[in-house]
Structures are given as structure tokens and as C-alpha cells.
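Asks: Show me the folded form of this:
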Amino acid sequence: PDANNKLKNRAVITESKQQLDAIVHEIPGLQTVMDSINNLHQQLAEKKDKITQSMNSHKRLASALSRLPTEILSHIFMYCLPEDKYLSPASKLAPVLLTRICRRWRDVAVSTPTRSMV
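Replies: Below is the predicted model:
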């Protein structure tokens, strides 16, 4: 019985060592995956921070523009108008573009006289 126990113990130890070796062999691969995930997480966090900063900058700008008196906004719009005597109906140019920003800008742009009238 004693020799039989020794053989069983050796078999258990051998099997445990094989299992341990397999696990130890897997660890570097898992570490590589974890490093990649951490790197991706860091990149996404940096992108999130940049987007948040951009949003906050645009919010501050929008807030400042919303506080401008109508007369000043109208005067700024005058400088956006093309130099041509006739206004273009192009949607990507002033004054049409200005009417697409928000309701207040539309009202101001529509009520702002053209340069030829000033």
C-alpha cells in the first residue's frame, strides 16, 4: 500500500504540475490582452475628454452669442453678407445659412437689412 500511495501521489503531483504549467503558459497571453484593453481604455478616455472639452467650449461660445443684443448680432450679420449686390439663395452662405442656426438667428437675419439698404 505504501508504494501504491507513492505512485498515486506522484501521479497527482505530475498532473498538478502539468495543469500549473498550462496555466503559467496562459498568463503572458492574458497579460497581453489586458494590456491591449488598458491601452484601448486609455485612448477612449482621452477621446472622451477631448470631446467633452470641445462640447464645453462650444457651450460657452453659444452662451456668449445668446447674450449678444439683437442690434450687435444684426451688425455682425451685416459683415457676413457677400459683397455682391444680389444675395445668393445658397443654403451654405449668408444670409440663408444664418437662418438655419436657431430661431433667434433666423429672426435677426430676416429682420436685418441688406447692405444696399443701409
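
Asks: Who are the packing partners of the helix-or-strand element of the chain with minimal mean pLDDT?
Replies: The least trusted helix or strand in the chain, going by mean pLDDT, DSSP states H and E, turns out to be helix 96-99, with a mean of 87. Counting by 3 or more CB pairs under 8 Å, 6 or more residues apart in numbering; DSSP states H and E, the packing neighbours recorded for helix 96-99 are helix 103-111. All C-beta spots, glycine's among them, are computed from the backbone N, C-alpha and C.

Asks: outside of the helix it packs on, which residues touch it?
Replies: Here helix 103-111 makes contact (CB atoms under 8 Å, 6 or more residues apart in numbering) with S66, T70, L73, S74, F77, A94, P95, L98, T99, R100.

Asks: how far out from the middle of the chain is that helix?
Replies: 30 Å (CA atoms, centre = their mean, to the nearest Å).

Asks: Mean confidence (pLDDT) on that helix, please.
Replies: Helix 103-111 shows a mean pLDDT of 91.

Asks: Alpha carbons of that helix, as CSV, please.
Replies: Extracted C-alpha coordinates of helix 103-111, given in CSV (Å, rounded to 0.1, in the frame of the first residue of the first chain):
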residue,chain,number,x,y,z
ARG,A,103,-34.9,80.6,-34.2
ARG,A,104,-33.4,83.8,-32.8
TRP,A,105,-30.7,84.0,-35.5
ARG,A,106,-33.4,83.4,-38.1
ASP,A,107,-35.5,86.3,-36.7
VAL,A,108,-32.4,88.6,-36.6
ALA,A,109,-31.2,87.5,-40.1
VAL,A,110,-34.6,88.0,-41.7
SER,A,111,-35.1,91.4,-40.0
